[in-house]
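Student: Requesting a structural model of the entry that follows:
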Amino acid sequence: MADTSGMADIRGLNIDKLVKGFADETLLMKKFVTNSSTDAREVRWFQKTSGFLAGTTTTDLTLEPIIDVPERALPSVVEQSWTRNTSYVRKYFVESPMFSMEDLKDTDVDILATNIRDLVRAVSNQVDKEIYWIVSDSTTHGTPASGSSVPSAAAVADGWDDAVTGDPIADIMAAKTSIRQNNYDPEGAIMLLNPIDHANLLNYLINVKGSSIPNFSSEKVKTGVVMELLGVKIVVSNQFDTDYATVFVPQRTATWKSFTGLTSAVMDDPGIGKKIRVWEEGVCLLTDPNAAYVITDTVV
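Tutor: Take a look at the predicted model:
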């Protein structure tokens, strides 16, 4: 049937090939840990047993034997000891199905470019989660402080969402105190919050305590830091688990050992089509667990 003016079949059509529908979560954790490389899949590393060395007291000698040593007396003999650890590189690996050459040529959506980008982000996302799980001592993925390495404690009373008994300020100070008591500097530490915990924190500060709106950080674009409180930089992401707040000293708590950097490849099967593979290999080491602290039970 022929079409006259005003009918849909003879109208022009503009195809928007920029695919929409989901916002991209910022991936940040690599920026907050030390980054180095490894040329082997088995990584052996060592942790010191103590910070300051101290002499050994004996019967009738209760003072520190390094202090006030008499003339011509022998010195106290002390030495450091180490614990040997072994970690193994993990491979993060994903690929697309085969896209036919016909689909690549005439599909409205740019399927090759979209899939390359999103597969790269899929691998980076898993690496980001792994670093977060290590820093927050999540031996059970999704449950920070499920291990026994990083100091942790439950939030005061009924958590941050309780306007009567919750006290996020006390919890943050407890985290800073723990880090400082272990001889790390907590000033400038990072606190990782889920959006729910961040909302509860702001509600406590503004509506419960009547504070002015906290200053929001100018570092948001570069590092994901959205605000600073008590000398702690707060980073908010859906990557982080609700009901927990992880506070840690950046570039000190953990190290990402890279075996193979993030790599992508497009494999061409002439006359058939193309497929994409993306991979990365590495391991995150919790080198200084006492430089971190996990606040649990922030939401009742």
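Student: ok so L27 is a strand residue?
Tutor: No. Read with DSSP: H, G, I helix; E, B strand; the rest coil, L27 is coil and lies in no strand.
Student: State the helix or strand in which the closest residue to it other than its chain neighbours lies.
Tutor: Of all residues not flanking L27 in the chain, D128 sits nearest, at 4.4 Å (C-beta to C-beta, 6 or more residues apart in numbering). For glycine as for every other residue, the C-beta is placed from the backbone atoms N, C-alpha and C. According to DSSP states H and E, D128 maps onto helix 111-135.
Student: Show me what the helix or strand following that helix packs onto, helices and strands only.
Tutor: On the C-terminal side of helix 111-135, the closest following helix or strand by DSSP H and E is strand 152-154. The helices and strands touching strand 152-154, judged by 3 or more C-beta pairs under 8 Å, 6 or more residues apart in numbering; DSSP states H and E, are strand 292-296.
Student: Partner strands of the strand it packs on, with direction?
Tutor: strand 152-154 (parallel), strand 244-248 (antiparallel) (DSSP bridges).
Student: Residues touching the last one, excluding its own?
Tutor: What that stands for is strand 244-248. With contacts defined as C-beta atoms under 8 Å, 6 or more residues apart in numbering, strand 244-248 is touched by 32, 132, 135-136, 144-145, 155, 171-172, 175-176, 179, 186, 189-194, 197, 232, 240, 254, 291-296, 298.
Student: which parts of that strand are buried?
Tutor: Buried residues in strand 244-248, counted by 16 or more other C-beta atoms under 10 Å: Y244, A245, T246, V247, F248.
Student: List just the nearest of the residues you listed to F52.
Tutor: F248 (22.2 Å; C-beta to C-beta).
Student: Run through the bridge partners of the closest one.
Tutor: Going by DSSP bridges, F248 is paired in beta bridges with I190, A292.
Student: Could you report the pLDDT at it?
Tutor: If you check F248, the pLDDT there is 98.
Student: Residue ranges in the stretch 51-200 of the chain under the pLDDT threshold?
Tutor: For the stretch 51-200 of the chain, the stretches with pLDDT under 70 are 57-63.
Student: Between the two ends of stretch 247-262, how far is it?
Tutor: 27 Å (C-alpha to C-alpha, to the nearest Å).
Student: Any idea how far the helix or strand where T177 lies is from the middle of the chain?
Tutor: Secondary structure assigned from DSSP H and E places T177 in helix 168-181. Distance, stretch centre to chain centre, for helix 168-181: 19 Å (C-alpha atoms, centre = their mean, to the nearest Å).
Student: Packing partners of that helix?
Tutor: With contacts taken as 3+ C-beta pairs under 8 Å, 6+ apart, helix 168-181 sits against strand 232-236, strand 244-248, strand 292-296.
Student: Any chance of the ones you listed in TSV with distance to A40 as columns?
Tutor: Putting the helices and strands packed on helix 168-181 into TSV (distance: least, C-beta to C-beta, whole Å) gives the following:
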stretch	distance to A40
strand 232-236	32
strand 244-248	27
strand 292-296	27
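Student: quick one on the thing from earlier: tell me the angle of the helix holding T177 relative to strand 292-296?
Tutor: If you take axes from the mean of the first three to the mean of the last three C-alpha atoms, to 10 degrees, helix 168-181 sits at 150 degrees to strand 292-296.
Student: got the CA coordinates for helix 168-181 in CSV?
Tutor: Output in CSV follows, covering the C-alpha atoms of helix 168-181 (Å, rounded to 0.1, in the frame of the first residue of the first chain):
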residue,chain,number,x,y,z
PRO,A,168,29.2,7.4,64.1
ILE,A,169,31.7,10.0,65.5
ALA,A,170,32.6,7.6,68.3
ASP,A,171,33.0,4.8,65.9
ILE,A,172,35.2,6.7,63.5
MET,A,173,37.4,7.9,66.5
ALA,A,174,37.6,4.2,67.7
ALA,A,175,38.9,3.3,64.2
LYS,A,176,41.5,6.1,64.2
THR,A,177,42.6,5.2,67.8
SER,A,178,43.1,1.6,66.9
ILE,A,179,45.2,2.6,63.8
ARG,A,180,47.2,5.1,65.9
GLN,A,181,47.8,2.6,68.7
